[in-house]
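# Build me a model:
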Amino acid sequence: MKVKESTLQRCKEDGEYFEELFKQKVEAKGLVYKKSTQQDDWYRHIDCYVNGYGVDIKGNRHFEKIWLEYTNVNGNNGWLRGQALYIAMHISELNAFSIYFREELLKFVEANVQDETTNPLDYFKFYTRRKWEKKDMIVKVRYNDIKHLELDLI
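Have a look, this model is predicted:
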């Protein structure tokens, strides 16, 4: 199953939009923002550095649907197992970024998720797409499930 070029382009544009929005919010708070290298982005899952700390930025998250990537589509570590210190998720209903320690989200998933599913409607299960020869393992949670791990809103 191949992803359409228009879908890839929309994802790229969305990513750029949310990264710019995050940059504006960070700089408005007087913090130092620095864009990561392409190598850091691809291999370490770090989109930028804020005051020297790695941050991975996620856009388009909603109260009832937040996907957490444990393993990526190539079978490599997903962003939960990347090297960013922080994950910044833009929650649409809040119109704000919810900030988490990446390792706390990872510990939460490892403590609460054991089963696998092929149904994207399931929560708290590793969703897989092996039938399409994809190797990803992602977990769907709700904002309220991880809100207690939130460090800040910006």
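# Tell me the buried residues in the longest strand anywhere in the chain?
The longest strand of the chain (DSSP state E) is strand 53-61. Buried positions in strand 53-61, judged by neighbour count with 16 or more other CB atoms under 10 Å: Gly54, Val55, Asp56, Ile57, Lys58, Gly59, Asn60, Arg61. Glycine gets a C-beta too; all of them are placed from N, C-alpha and C.
# Name the nearest residue to the spatially most central residue of the chain, ignoring sequence neighbours.
In the chain, the residue lying closest to the centroid (CA atoms, centre = their mean) is Lys58, at 4.4 Å. Among residues not flanking Lys58 along the chain, Met89 sits closest, at 4.4 Å (CB to CB, 6 or more residues apart in numbering).
# go on, Lys65?
Lys65 sits nearest to Lys140 (CB to CB, 6+ apart), 6.3 Å away.
# a strand runs through the one you found, doesn't it?
Yes - applying DSSP: H, G, I helix; E, B strand; the rest coil, one finds Lys140 inside a strand.
# Now do the strands in this structure.
33-35, 48-50, 53-61, 66-71, 86-91, 96-101, 116-117, 126-128, 137-141, 152-153.
# just the ones you listed: most buried one?
Among the strands of the chain, ranked by average contacts under mean count of other CB atoms under 10 Å, first place goes to strand 86-91 (a mean of 23).
# Within the sheet, what are the partner strands of it, with directions?
Here strand 86-91 has these sheet partners by DSSP bridges: strand 53-61 (parallel), strand 96-101 (antiparallel).
# helices and strands around the longest helix along the chain, which ones?
The longest helix of the chain (DSSP state H) is helix 5-28. Helices and strands touching helix 5-28, by 3 or more CB pairs under 8 Å, 6 or more residues apart in numbering; DSSP states H and E, are strand 33-35, strand 48-50, strand 53-61, strand 86-91.
# Please render those strands as CSV that adds mean pLDDT to the earlier fields.
Converted to CSV, these look like this (pLDDT from 0 to 100):
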stretch, mean pLDDT
strand 33-35, 98
strand 48-50, 98
strand 53-61, 96
strand 86-91, 98
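# Great, nothing more from me.
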